[in-house]
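Asker: Any chance you can model this:
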Amino acid sequence: LMTRQRTRSGHGVSWSDPVSKDCSIRYAAVFLSAFFLCLFADRISFSDQILYNAHRIRIPASGARHAGSEARRKVGCSMKPVLGLIPLWDDDKESLWMLPGYLEGLQQAGGIPVIFPFSSSEEELTRLFSLCDGLVFTGGHDVSPEMYHQAPIPQLQTLCPKRDFMETFLLKKAVEEDMPVLGICRGIQLINAVLGGTLYQDLPLQHPSPVNHRQSAPYDLPAHEVTLLRDSPLAHCLGTCSIHVNSCHHQAIHTLAPDLACMGTAPDGLIEAVYMPSRRFLWGIQWHPEFSFRSDENSRKIFRALVAAAES
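Answerer: Reported below is the predicted structural model:
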């Protein structure tokens with residue numbers, strides 16, 4: 001998973017500005033997100049009914065199409081889709097933050113990205129969910145092993161319980177209402193854990209391999225190959241069965257969740273891409289298109305695929 005060092009250069013971004021300027025940028029991002037949420041607040045309705053509990057997820061044979069995209073389809077509306085992004089969390093500064101590549105990549109693909117605030121209120125999360133046409137589960141902290149009923153090992157890195165709760169709730173709701181979802185790095189791991197799979201808590205210990213799964217900067221360069229299953233949605237989207245991706249993570253899928261299917265693997269057999277066949281677009285990828293989209297057409301195609309699904 002992507003982590004931030006005290007040098008603030010862990011993502012290839014130098015945080016050399018004064019703290020006050022850094023905080024201003026963060027607050028501005030949160031303000032803009034709130035503005036966009038208010039702007040779109042009146043265009044779709046939402047429901048507070050929760051059809052599952054905190055530990056189980058009910059997966060209908062066919063998800064009820066999300067109200068926002070369905071309403072837009074019926075009236076032939078051409079508005080750009082709104083995509084909710086889970087923010088990253090800075091433990092040192094106790095602050096939300098976001099890599100600009102997520103925002104720029106989705107905007108370039110035709111979407112309107114909106115950064116969510118952290119919330120433990122199901123009512124607030126339901127309202128936020130209702131304002132969006134798709135969700136992006138970003139990279140970040142380790143996923144808690146409690147989610148897949150394992151004890152933590154010493155090599156486990158920093159957790160973020162707020163994110164675990166918030167993303168679990170939103171993912172379950174997205175599955176229930178068939179809202180398009182893209183999980184990136186931590187995102188693919190969280191999707192797998194919530195849907196009943198397990199993770200390697202630490203790859204160097206539990207899955208040692210010569211494949212470079214944790215490259216150093218710059219992060220827009222390819223680190224290893226991924227072989228895609230020929231009939232998978234991702235292979236059809238990219239028009240190839242072999243791609244080269246960047247990589248920076250120390251956790252990964254161990255046991256695949258029953259409702260997910262593999263779309264691609266690394267040379268060492270590690271699962272790098274998954275989807276949910278019973279949903280129109282629920283994808284998870286282990287690499288980072290938010291770093292590579294400027295130079296890599298495959299990364300741009302993935303973002304465009306999410307936006308197209310959110311528009312439909």
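
Asker: Quickly list what the residue nearest the centre of the chain is bridged to.
Answerer: Centre of the chain computed as the mean C-alpha position; nearest residue by C-alpha atoms, centre = their mean is residue 137, 2.1 Å away. With DSSP bridges as the criterion, residue 137 is bridged to residue 183.

Asker: And the strands in the stretch 51-200 of the chain, which stretches?
Answerer: Using DSSP state E, counting those that start in this stretch, the strands assigned to the stretch 51-200 of the chain run over residues 82-85, 88-90, 95-97, 112-115, 134-137, 181-184, 199-200.

Asker: got any ranges where the stretch 51-200 of the chain has weak pLDDT?
Answerer: Scanning the stretch 51-200 of the chain for pLDDT under 70 picks out 51-78.

Asker: what about stretch 102-121, start to end distance?
Answerer: 25 Å (C-alpha to C-alpha, to the nearest Å).

Asker: And the contacts of it?
Answerer: In this structure, residues lying in contact with stretch 102-121 by C-beta atoms under 8 Å, 6 or more residues apart in numbering are 29-30, 32-34, 36-37, 80-87, 89, 96, 98, 125, 128, 131-132, 134, 136, 138, 162-163, 165-166, 289-290, 293, 299-300, 303-304, 306-307, 310-311. C-beta: built from backbone N, CA, C; applies to glycine.

Asker: give me that answer again for 7 Å
Answerer: Stretch 102-121 has contacts (C-beta atoms under 7 Å, 6 or more residues apart in numbering) with 29-30, 33, 36-37, 80-87, 96, 98, 125, 128, 136, 138, 162, 165-166, 289-290, 293, 300, 303-304, 307, 310.

Asker: circling back: the residue nearest to the centre of the chain is in contact with residue 86, isn't it?
Answerer: Yes - taking contact to mean C-beta atoms under 7 Å, the distance of 5.5 Å between residue 137 and residue 86 places them in contact.

Asker: what touches both of the two?
Answerer: Here residue 137 and residue 86 have residue 167 as joint contacts, going by C-beta under 7 Å, 6+ apart.

Asker: count of neighbours near the spatially closest residue to residue 282 that is not a sequence neighbour?
Answerer: In space, and not counting its chain neighbours, residue 282 is closest to residue 276: 3.9 Å by C-beta to C-beta, 6 or more residues apart in numbering. Applying other C-beta atoms under 10 Å, we find 22 other residues in the vicinity of residue 276.

Asker: Quick check: residue 276 vs residue 283, distance?
Answerer: 8 Å (C-beta to C-beta, to the nearest Å).

Asker: same deal with residue 202?
Answerer: When C-beta to C-beta is applied, the distance between residue 202 and residue 283 equals 25 Å.

Asker: With neighbour numbers in mind, choose between these two.
Answerer: A side-by-side neighbour count of residue 202 and residue 283, using other C-beta under 10 Å, places residue 283 first with 27 against 17.

Asker: For that one, list each beta-bridge partner.
Answerer: Here residue 283 sits in beta bridges with residue 182, residue 275, going by DSSP bridges.

Asker: hang on, it packs against residue 275?
Answerer: Yes - counting by C-beta under 7 Å, a contact exists between residue 283 and residue 275, whose distance comes to 5.0 Å.

Asker: which residues touch the nearest residue to residue 89 once chain neighbours are set aside?
Answerer: Residue nearest to residue 89 in three dimensions, not counting chain neighbours: residue 160, with 5.3 Å by C-beta to C-beta, 6+ apart. For residue 160, the residues meeting the contact criterion (C-beta under 7 Å, 6+ apart) are 89, 140, 141.

Asker: what's the burial count for the second one?
Answerer: Read it as residue 140. By other C-beta under 10 Å, 25 other residues sit near residue 140.

Asker: how about it, phi and psi?
Answerer: The phi/psi pair for residue 140 (degrees, to the nearest 10) reads phi 150, psi -140.

Asker: and if you look at residue 264?
Answerer: Main-chain torsions, residue 264, degrees, to the nearest 10: phi -170, psi 150.

Asker: Against residue 311, how distant is it?
Answerer: 25 Å.

Asker: okay, these two: which has more neighbours?
Answerer: A direct count of neighbours by other C-beta under 10 Å for residue 264 and residue 311 places residue 264 higher, at 26 against 19.

Asker: Which residues are in contact with the more buried one?
Answerer: Counted by C-beta under 7 Å, 6+ apart, residue 264 has contacts 226, 227, 228, 229, 234, 272, 273.

Asker: Residue 220 too?
Answerer: In this structure, residue 220 makes contact with 246, 291, 292, 294, 295, judged by C-beta under 7 Å, 6+ apart.

Asker: Quick check: the farthest pair among these?
Answerer: By the measure C-beta to C-beta, those have their two most distant members at 246 and 294, which lie 12.1 Å apart.

Asker: Who has more neighbours out of those two?
Answerer: A direct count of neighbours by other C-beta under 10 Å for residue 246 and residue 294 places residue 246 higher, at 22 against 13.
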